[in-house]
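**Q** have a look; sequence and predicted model below, questions after that.
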Amino acid sequence: MAANTNPSPKPSACLQDMDEVTKVFKKFDANGDGKISVTELVDVMKALGSDTSEDEINRTMEEIDSDRDRFISLTEFVAFCGAAEGEGGAQELRDAFEMYDQDKDGLISAAELHQILSRLGEKCSVHDCTGMINSVDSDGDGYVSFEEFKKMMAGAATTNGSSM
C-alpha cells in the first residue's frame, strides 16, 4: 500500500503548516527511511531530556501508528499533529512547554531554549535564543511563561512569524 505523500495540511496549535510538520517529522526520522521507529522516538525523547518510560513510548506508538506496522509514517504523523489541536490540545501544549522548561520553574529561559534546540540539531547561539525569547516576552522579564508560550503557539497557527 503506497503511503499518501501529500496529506492535506491541518494546522495545529504547535505546527502551522505542512512544511513545518514535515521538518519536525524529518528530525524524528533519523535514518531518513520515511518512517519513525520506536528507537527513533526514544532517541528524540531522550534528546529532549524526557524521562518517558518504555511503556509510555509504546502506548504513544500504538496511538499514532494507525496501520499497526510498528512505524509512524508522515501521514500518521500529520494526523497526530492535527489531533493535538482537538481535545488533547491543552495537555499537548503543556507537555511541549514543560519539555523546554528544563528546570521546571514555569519559565523558559534563553539558555533552556538553546539547550533543547541544540539537542535537536539546530544551529543557533544563546544570543539568537535571547532574540526568540524577547520576541514573545510580553511582560519583559526575559523569560517565556506558559501564557506567553500559549499566545505564541496560537499566533504561529495563523501567521508565518518566527517561533521556538
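**A** Cool, got the structure. Numbering: from 1, shown residues only.
**Q** mind checking how far the helix or strand hosting residue 58 is from the chain centre?
**A** Take DSSP states H and E as the rule and residue 58 turns out to sit in helix 54-64. Centroid separation for helix 54-64 versus its chain: 16 Å, with C-alpha atoms, centre = their mean, to the nearest Å.
**Q** can you list contacts of it?
**A** Contacts of helix 54-64 with the rest of the structure, by C-beta atoms under 8 Å, 6 or more residues apart in numbering, involve 38, 41, 42, 45, 52, 70, 72, 76, 77, 79, 80. Heads up, the C-betas are built off the backbone N, CA and C, glycines and all.
**Q** the strands in this protein, which residues?
**A** 35-36, 72-73, 107-108, 144-145 (DSSP state E).
**Q** adding mean neighbour count, mean pLDDT and distance to residue 152, write the ones you listed out as a markdown table.
**A** What follows is the strands of the chain, written out as a markdown table (neighbours: other C-beta atoms under 10 Å; pLDDT from 0 to 100; distance: least, C-beta to C-beta, whole Å):
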| stretch | mean neighbour count | mean pLDDT | distance to residue 152 |
| --- | --- | --- | --- |
| strand 35-36 | 23 | 94 | 26 |
| strand 72-73 | 24 | 92 | 26 |
| strand 107-108 | 24 | 95 | 10 |
| strand 144-145 | 23 | 94 | 7 |
